[in-house]
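>>> Take this sequence and fold it.
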Amino acid sequence: MLEICNWPNKDNNFKDFEYKIKILYIDSGCDIYHDEIKDNILIDESISFVDGDESLNDYTGHGTQIVSAITGNKFVKGLYKKCEIVMYKITNSQGITKFEWLYNALYQAIKMDYKVINISYSGINNDDKL
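Residues are numbered from 1 along each chain as shown. Below you'll find the model as predicted:
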């Protein structure tokens with residue numbers, strides 16, 4: 001993929017960076033035991049905003065895949081393996097996301113002053129609050 005995008009540093013993968021970057025993902029959760037993620041996930045800062053499900057379990061696999069694309073160092077060659085990951089889960093076990101969960105996650109992200117936030121969602125409903 002990096003070749004397609006003409007990524008100038010595709011072989012280096014940011015290994016010269018000495019600092020860690022913290023990235024907040026607002027997604028379907030993640031597999032905190034996954035080999036590509038477990039060393040990077042900040043479990044104490046990660047939150048599930050899903051009613052009745054306090055776990056970070058990723059029932060759809062989407063959040064785990066997205067995080068692995070950045071932190072991967074085994075099967076997936078991630079872009080930046082030193083980053084710290086915070087997961088805000090907003091998708092339940094049926095693959096449903098409610099705007100309320102997204103609002104709450106965004107409010108918390110602003111309150112915590114996260115500088116880098118990744119959200120990869122789409123939907124068919126319009127909402128003026130967003």
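
>>> Test for you: state the pLDDT assigned to the residue nearest the centre of the chain.
Centrality entry for the chain: nearest residue to the mean C-alpha point is Tyr25, 2.8 Å, by CA atoms, centre = their mean. Per-residue pLDDT puts Tyr25 at 96.

>>> Next up, the contacts around the closest residue to Asn92 other than its chain neighbours.
Setting aside the residues directly before and after it, Asn92 is nearest to Val50 in space (CB to CB, 6 or more residues apart in numbering), at 4.9 Å. (Glycine included, C-beta is placed from N, CA and C.) Neighbouring residues of Val50 by CB atoms under 8 Å, 6 or more residues apart in numbering: Lys89, Ile90, Thr91, Asn92, Trp101.

>>> residues contacting the first one?
Contact partners of Lys89, counting by CB under 8 Å, 6+ apart, are 27-30, 46-50, 53, 55-56, 58, 63.

>>> can you tell me which of these are in strands?
Among those, the residues falling in strands (DSSP state E) are Asp27, Ile47, Ser48.

>>> Closest one to Asn125 out of those residues, please.
Proximity of those to Asn125 (CB to CB) peaks at Asp27, which lies at 18.4 Å.

>>> Would you mark the buried spots in the helix or strand bottoming out on mean pLDDT in the chain?
Ranked by mean pLDDT, DSSP states H and E, the weakest helix or strand in the chain is helix 62-71, scoring a mean of 89. For helix 62-71, the neighbour count (16 or more other CB atoms under 10 Å) marks His62, Gly63, Thr64, Gln65, Ile66, Val67, Ser68, Ile70, Thr71 as buried.
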